[in-house]
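*Asks:* Kindly generate the corresponding structure for this input.
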Amino acid sequence: MEIESAKCECCGLKEDCTQDYISEVKAKFEGKWLCGLCSEAVFDEQNRGNINRPFGTDEALKAHMSFCRKYKSNPATRVADGMRQMLRRRSGDTSSSPTASKKYSRTASAHY
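*Replies:* Numbers count the residues shown, from 1 in each chain. Model (predicted):
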């Protein structure tokens, strides 16, 4: 089993994979190789479509690639930002304002 380095076409992250796995991933995403996190993000995008017209793979892939292109930082930072966005979507919290995170913080109360 030969190991190759594959570069994600969304975020640029590199992973060492077998050729069989690389071929399997490319078959799912229209010939593009995606890392595991971007693959999950694309599947998440597909699930975001409405019930009458869910997103197809092509549409979800384009949406995620567009999201990745917005950021010019290193791949690890983009992956972390993407994961944060995906977790917010799944939890139902789509707000990115600092006050949105306050609802989960502790409050200090003085007991004298």
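
*Asks:* gap between Leu13 and Ala80?
*Replies:* Taking Cβ to Cβ, to the nearest Å as the measure, Leu13 and Ala80 are separated by 11 Å. Glycine gets a C-beta too; all of them are placed from N, C-alpha and C.

*Asks:* So these two - more neighbours on which side?
*Replies:* Higher neighbour count among Leu13 and Ala80: Leu13, with 18 against 12, using other Cβ atoms under 10 Å.

*Asks:* State the pLDDT value of that one.
*Replies:* Note on Leu13: pLDDT of 85.

*Asks:* For the chain, which segments are assigned as strands?
*Replies:* Under the criterion DSSP state E, the chain contains strands at 3-7, 14-18.

*Asks:* Identify all contacting residues around the first one.
*Replies:* Under the criterion Cβ atoms under 8 Å, 6 or more residues apart in numbering, residues 13-19, 22, 25, 33 lie in contact with strand 3-7.

*Asks:* can we see that at 10 Å?
*Replies:* 13-19, 21-22, 25-26, 33-35, 75 (Cβ atoms under 10 Å, 6 or more residues apart in numbering).
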